[in-house]
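Undergrad: Okay, predicted coordinates and the sequence, questions at the end:
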Amino acid sequence: GVIAIGGATAGIVSIVNHNDTDSDEKATVGESIVETIETHPEWVDIATCDSVTGLIDSDNSLWMCGTWNNNQNLPEEDSDIAVKVMDDVRDIDFGLTNLAAIRTDGSLWVWDDILTPSELTVPLKVADNVVSVSLGNSYVAAIKADGSLWTWDYSSLVQSGDDPSSLASLVMEDVVAVSCGGNHIAAIKTDGSLWTWGDNGRGQLGNGTTENSLIPIKVMDDVVQVSCADSYTAAVKNDGSLWMWGHNAENQLSSLGTQDSFLYPIQIMDNVESVSCGGWCTAAIKHDGTLWMWGSNNRGQLGIGTTDSSFVPVQVLSNVAAVSCNKTYTAVIKTDGSVWGWGHNVYRQLGTGTAESSLVPVQMQFSIENNYIVSWIDPEPAVEPETSDPQESESPEEPETFESDSFPEAYAAYLEEFNEHRSLIDAYTDWYGF
């Protein structure tokens, strides 16, 4: 999951009091020796998935470390330390095997593929005037500048070749934050009310049942931040109280006397600034900047020096500005501008210069030389549509600028090899046991 302090999941915030201290260390990236730094001024966003860590700085540059699996829109090799890969990026989020980015002009783009080899390497423009985005297992949710919340089925975007605006569904208005779990969504409206919908098999909607819902259901009021994982949800209220509900098999909801699912919100702790749900573990930043974690620790993702799970929140670090955790590792930005990570590191996603996992926080390094800047590939200008009766149009909004004929041919190749790719994903998830 992705989180920015004091804001919505997958939101944009300012992080202050950063240093810009260079180090004299050297690190190997590929065949080159590059100069590295351990701090970077003005980080504004952090996101993680199982194999890649992403950071955005105040210059709107996207930095990443991890394994790229020959995706042509990322370095064609592993990156032991963080490198700059894109410019003009304002926000990012990772899905199961894909990535979404909002450019500085407000355009939303999605593309594959992070965990498995794919020929789907050209970013697809989805919409304009977007301020926030979140990805689920097979769908995209985005908030536009006017507060409207829209969703897209990811496979339809890939398969149809149609104008993405014709595939969009308007869910609700007056939305300020959105977070996607595996197959459920949570949204905060301007009045502070929290609404959820989608899969509810583990009680992740928080409405007291396990019945799925195709429409948004109001859960609670006075909410300022929300984070969803595969099958549970966490929300911070304006009084600093943290509430959670849903799946609790790994005690990711903290010590509640049982590992059963909770079908309604339960208060976990007070004085919380923000929360990040990782699937098997949870991380929370308190108002004083301390980071607390609990849940599964089989990969050292709690950062407490052991692989013993914790059923109660334990303090990990101080002076933390932002955190993003997933099933097997965690990454944070501290108030001095340094970035730290811990847990599973087989994909080099901790950015430490090695592939060694760590049970305690280790500092990420950043290359200031050998970077891999990827240029955006804009679609060709759209052909002016023929005049038609607006009442006969089934599009949810006016078509956005997109040439359907320019839909990348790589997407067709993706469809032909989908079953093969799916088997690779299944093998990956079976290896981790989820």
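TA: Here it is on my side, so go on. Numbers count the residues shown, from 1 in each chain.
Undergrad: For the closest residue in space to residue 154 that isn't next to it in sequence, list the residues it contacts.
TA: Spatial nearest neighbour of residue 154, excluding adjacent residues (CB to CB, 6 or more residues apart in numbering): residue 138 at 5.1 Å. Where you see a C-beta, it was placed from the backbone N, CA and C, and this is true even at glycine. Residue 138 sits next to 96, 153-155, 183 when contact means CB atoms under 8 Å, 6 or more residues apart in numbering.
Undergrad: So which of the residues you listed belong to strands?
TA: Counting by DSSP state E, the contacts of residue 138 place residue 153 in strands.
Undergrad: Tell me the one of the contacts of residue 138 nearest residue 265?
TA: Nearest to residue 265 among these is residue 183, at 19.5 Å by CB to CB.
Undergrad: residue contacts, that closest one?
TA: Going by CB under 8 Å, 6+ apart, residue 183 touches 136-138, 198-199, 230.
Undergrad: cool, and residue 211?
TA: Contacts for residue 211 (CB under 8 Å, 6+ apart) come out as residue 200.
Undergrad: Just grab the bridge partners of residue 172 for me.
TA: residue 149 (DSSP bridges).
Undergrad: Which pLDDT value goes with it?
TA: The pLDDT attached to residue 172 in the predicted structure is 97.
Undergrad: That one: what's it in contact with?
TA: Residues near residue 172 by CB under 8 Å, 6+ apart: 148-149, 187, 189, 195, 216.
Undergrad: so where do the strands sit in the stretch 101-250 of the chain?
TA: With DSSP state E, counting those that start in this stretch, the ranges of strands along the stretch 101-250 of the chain come out as 108-112, 124-127, 130-135, 139-144, 149-153, 169-172, 175-180, 184-189, 194-198, 213-220, 223-228, 232-237, 242-246.
Undergrad: So, low pLDDT: which residues of this protein?
TA: Within the chain, the stretches with pLDDT under 70 are 1-41, 68-79, 113-122, 255-258, 368-434.
Undergrad: I'd say residue 235 and residue 243 touch.
TA: Yes: in this structure residue 235 lies within contact range of residue 243 using CB atoms under 8 Å: 5.1 Å.
Undergrad: now that we have the contacts of residue 172, which one has the most neighbours?
TA: Neighbour counts for those (other CB atoms under 10 Å) peak at residue 187, which has 26 neighbours.
Undergrad: what's across from it in the sheet?
TA: residue 178, residue 195.
Undergrad: which residues touch it?
TA: Residues counted as contacts of residue 187 (CB under 8 Å, 6+ apart) are 141, 149, 171-172, 175, 177-179, 194-196, 216, 226.
Undergrad: Tabulate the residues you listed in JSON lines, adding columns for distance to residue 295.
TA: As requested, these are exported to JSON lines (distance: CB to CB, whole Å):
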{"residue": "141", "distance to residue 295": "25"}
{"residue": "149", "distance to residue 295": "29"}
{"residue": "171", "distance to residue 295": "30"}
{"residue": "172", "distance to residue 295": "31"}
{"residue": "175", "distance to residue 295": "29"}
{"residue": "177", "distance to residue 295": "23"}
{"residue": "178", "distance to residue 295": "23"}
{"residue": "179", "distance to residue 295": "18"}
{"residue": "194", "distance to residue 295": "22"}
{"residue": "195", "distance to residue 295": "25"}
{"residue": "196", "distance to residue 295": "21"}
{"residue": "216", "distance to residue 295": "27"}
{"residue": "226", "distance to residue 295": "18"}
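Undergrad: Closest one to residue 209 out of these, please.
TA: The shortest approach to residue 209 among the contacts of residue 187 belongs to residue 196, at 11.7 Å (CB to CB).
Undergrad: Compute the number of surrounding residues for the closest one.
TA: Residue 196, neighbours per other CB under 10 Å, totals 27.
Undergrad: Identify the residues contacting it.
TA: Taking CB under 8 Å, 6+ apart, we find residue 196 in contact with 184-187, 204-207, 213, 216-217, 219, 233.
Undergrad: can you redo these as JSON lines with distance to residue 54?
TA: JSON lines is the format used below for the contacts of residue 196 (distance: CB to CB, whole Å):
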{"residue": "184", "distance to residue 54": "23"}
{"residue": "185", "distance to residue 54": "21"}
{"residue": "186", "distance to residue 54": "22"}
{"residue": "187", "distance to residue 54": "23"}
{"residue": "204", "distance to residue 54": "25"}
{"residue": "205", "distance to residue 54": "29"}
{"residue": "206", "distance to residue 54": "29"}
{"residue": "207", "distance to residue 54": "33"}
{"residue": "213", "distance to residue 54": "31"}
{"residue": "216", "distance to residue 54": "29"}
{"residue": "217", "distance to residue 54": "32"}
{"residue": "219", "distance to residue 54": "29"}
{"residue": "233", "distance to residue 54": "23"}
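Undergrad: Kind regards, and thank you for your time.
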